[in-house]
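**Student:** Okay, here's the prediction I keep looking at, along with the sequence it came from:
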Amino acid sequence: MRAFEKRLPGATILTFFHVSLYDRFATLPEGERADRLARERWGLMPDFFVGMLEGASSRARFIDGNENAYYYTSREQYFRAYHAMHERARGLVPAGLREKYERQVAAGQALYVDQNFALRQPKTEQYLSYRMTPDERARWFEHNTYWALYHDRRIRVVLQRTDELVEGPDAARSRSGNRERAPEDRRRQGPRL
């Protein structure tokens, strides 16, 4: 973190998640917690984040981006996530760093536009928004935006298919010159900038 801050003093680091991903382990005895984390795919994340926090200057900030918020449908989920980030996750931070954690870590929420507006690929029909009317989708997005901003007022918005959101899927395909192009073919062309 110190090397990172040499180039960007007082940087703000936004992550998809950090220690809050494992807040459910915060109250376990240390040995049991270590065993559980050892079996987890991202089990090194708490120690990695603690190291970043420990090495960070007092000007650095961290935002837990809560990627799981993509799938939220109720305000209670946002409240639980905020509580996980600001209260429960502190149990994974050494006592000597908890005050620094409170000062320098903020809760963020993620909004996935494609999820809310039935644009996710492949298998769009497996997502809740596919069964909604356009008006219901817009109200759901408004609901999620409101509750995502409720606490620390930080949102990470993810959009992947904006052309279809604005123009509709048929217009986006015809503008590309290939009406039959499958969504998978677009991914093979590489990222759009």
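**Tutor:** Right, received. Where do you want to start? Residues are numbered from 1 along each chain as shown.
**Student:** nearest residue to the residue positioned nearest the centre of the chain other than its sequence neighbours?
**Tutor:** By CA atoms, centre = their mean, the chain has its centre lying nearest to E67, at 2.2 Å. Using CB to CB, 6 or more residues apart in numbering and skipping residues adjacent in sequence, the residue nearest E67 is F16, 4.1 Å away. Bear in mind the C-beta positions are built from the backbone N, C-alpha and C, glycine included.
**Student:** May I have the phi/psi pair for R61?
**Tutor:** Backbone torsions of R61, given as degrees, to the nearest 10, read phi -130, psi 150.
**Student:** returning to that earlier point: verify the stated contact: the residue nearest to the centre of the chain with A110.
**Tutor:** Yes - in terms of CB atoms under 8 Å, E67 counts as a neighbour of A110; the distance is 5.1 Å.
**Student:** so what's in contact with those two at the same time?
**Tutor:** Residues touching both E67 and A110 by CB atoms under 8 Å, 6 or more residues apart in numbering: F16.
**Student:** and the residue nearest to the centre of the chain, what does it touch?
**Tutor:** 16-17, 110.
**Student:** now V50
**Tutor:** Going by CB under 8 Å, 6+ apart, the list of residues near V50 reads 19, 92-94, 97.
**Student:** Thanks again, I'm all set now.
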